[in-house]
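Chemist: Below are the sequence and a predicted model for it; my questions follow.
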Amino acid sequence: QVNVVESGGGLVQPGGSLRLSCAASGSIQKLYEMGWYRQTPGNQRDMVATITPGGTIRYDDPVKGRFTISMDKAVNTVYLQMNNLKTEDTAVYYCTADLIEYGLGARNDYWGQGTQVTVSS
């Protein structure tokens with residue numbers, strides 16, 4: 001069994017900062033990538049940033065220069081440092097882990113439960 005657990009959401013004023021954390025744990029045979037997506041009501045879930053254990057990073061254009069993703073490979077944990085937050089960053093942020101679970105032999109995406117980020121004055 002694999003668990004993906006996020007933490008760190010909350011309410012912040014425009015221009016402020018938040019740091020999200022996400023840990024993947026359990027029967028992980030091989031981890032390929034972890035990342036953050038976000039979703040607002042009535043809209044699809046969109047990629048924010050992703051990172052591989054080898055250090056390959058992708059960012060969605062609206063967050064480039066403001067958000068930084070990083071990974072602690074030793075504990076399968078990914079972080080998202082969000083600076084200069086804007087009201088349009090308000091969303092539920094979901095963590096995902098792309099991995100192979102022991103005994104399954106297939107690569108799958110595992111998702112966390114989501115954490116609310118609200119940017120408002």
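Modeler: Sure, I can see it. Residues are numbered from 1 along each chain as shown.

Chemist: Might you report the residue contacts of residue 45?
Modeler: Under the criterion of C-beta atoms under 8 Å, 6 or more residues apart in numbering, the neighbours of residue 45 are 37-39, 94. (Glycine included, C-beta is placed from N, CA and C.)

Chemist: Filter the residues you listed down to the buried ones and hand me the ChimeraX line.
Modeler: Typed into ChimeraX, the line below selects the buried ones among those, using 16 or more other C-beta atoms under 10 Å:
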select :37,38,94
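
Chemist: For the closest residue to residue 8 other than its chain neighbours, give me its contacts.
Modeler: Setting aside the residues directly before and after it, residue 8 is nearest to residue 20 in space (C-beta to C-beta, 6 or more residues apart in numbering), at 4.2 Å. The contact partners of residue 20, by C-beta under 8 Å, 6+ apart, come to 6-9, 36, 79-80, 82, 93, 95, 115, 117.
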